[in-house]
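**Student:** dropping a prediction and its sequence here:
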Amino acid sequence: MIPIKDENPSSTTPFVNYGLIIVNVVAFLLTYFSPNFDQIVTIYGVTPAQALNGGERIAFITSMLTGMFLHGGLLHIGGNTLYLYIFGDNVEDLLGHIGYILFYIPVGIAGSLVYIASNPSGPVAIGASGAISGVLAAYVVHFPSARVRAIVYYGFFARLTRVPALILIGFWFVYQLVFAFLDVEGGVAYSLTSEDS
């Protein structure tokens, strides 16, 4: 399922949500196409081993923030910003502009901590998926029956339909879990190959 638009208008302009999308896209454009992308990921992404090394704790704490704004490919940035665009405006409307940013950053950090706890020797993690998971959880708690226009695939055929937010966001969470358990590159973590390092 690919969401297109929710049928849940917000009453305010989501300035913070737009700002987060812009920062994510600009950071992606400035880093992903750089010849030093792997080095940037190593420095600014979340490395679980740093959390366990006392001498690297400051770098680790900083990376939990910077890693949220790095993405490992066009599908990674495209998917994250699409979900943020569709669902973030209502959460910002609910929490207020300041409340939204004070929610977004901590849930992104919490996502990094969950990754580290579940995979302490894992590869470098980048992306906004932890923060977006928090935004989607807030949306589905407050607007579970809101309708979302989505493209639903049936084998080779696709159909534009309306589905409840609970179903669509539930599908997203299952999709994320499958990618995490299969350790698919471009999902939860970014793996540097031996040729890259």
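**Tutor:** Cool, got the structure.
**Student:** quick check, central residue of this structure?
**Tutor:** Nearest residue to the geometric centre of the chain (Cα atoms, centre = their mean): residue 129, 2.0 Å.
**Student:** could you measure from that residue over to residue 156?
**Tutor:** Relative to residue 156, residue 129 is positioned 29 Å away (Cβ to Cβ, to the nearest Å). C-beta here means a position set from N, CA and C on the backbone, and glycine is covered the same way.
**Student:** cool, residue 164 as well?
**Tutor:** In terms of Cβ to Cβ, residue 164 sits 25 Å off from residue 156.
**Student:** more neighbours: which of these two?
**Tutor:** residue 164 (15 against 5; other Cβ atoms under 10 Å).
**Student:** so that one touches residue 144, yeah?
**Tutor:** Yes - here residue 164 reaches residue 144: they are 6.7 Å apart, a contact under Cβ atoms under 8 Å.
**Student:** so which bits of the helix or strand of the chain with the lowest mean pLDDT are buried?
**Tutor:** Counting by mean pLDDT, DSSP states H and E, the chain has its least confident helix or strand at helix 48-52, which shows a mean of 74. Residues 48, 50-51 are the ones in helix 48-52 that count as buried (16 or more other Cβ atoms under 10 Å).
**Student:** which single one of the residues you listed is nearest to residue 109?
**Tutor:** Residue 109 lies nearest to residue 51 out of the buried residues of helix 48-52, by Cβ to Cβ, at 11.8 Å.
**Student:** you'd agree residue 103 is up against residue 138?
**Tutor:** Yes - the criterion here is Cβ under 8 Å, and residue 103 meets it with residue 138 at 7.1 Å.
**Student:** overlap of the contact sets of the two?
**Tutor:** Among the neighbours of residue 103, those also in contact with residue 138 (Cβ atoms under 8 Å, 6 or more residues apart in numbering) are 91, 95.
**Student:** other residues contacting the least confident helix or strand of the chain?
**Tutor:** With Cβ under 8 Å, 6+ apart, helix 48-52 has contacts from 56-57, 59-60, 63, 115-116, 119-122, 125.
**Student:** that helix: what's the following helix or strand?
**Tutor:** helix 57-66 (DSSP states H and E).
**Student:** and stretch 117-132, end to end?
**Tutor:** Stretch 117-132 has an end-to-end distance of 19 Å (criterion: Cα to Cα, to the nearest Å).
**Student:** which residues touch the nearest residue to residue 108 once chain neighbours are set aside?
**Tutor:** Excluding the flanking residues, the one nearest residue 108 by Cβ to Cβ, 6 or more residues apart in numbering is residue 131, at 3.2 Å. With contact taken as Cβ under 8 Å, 6+ apart, residue 131 is in contact with 68, 104-105, 107-108, 111.
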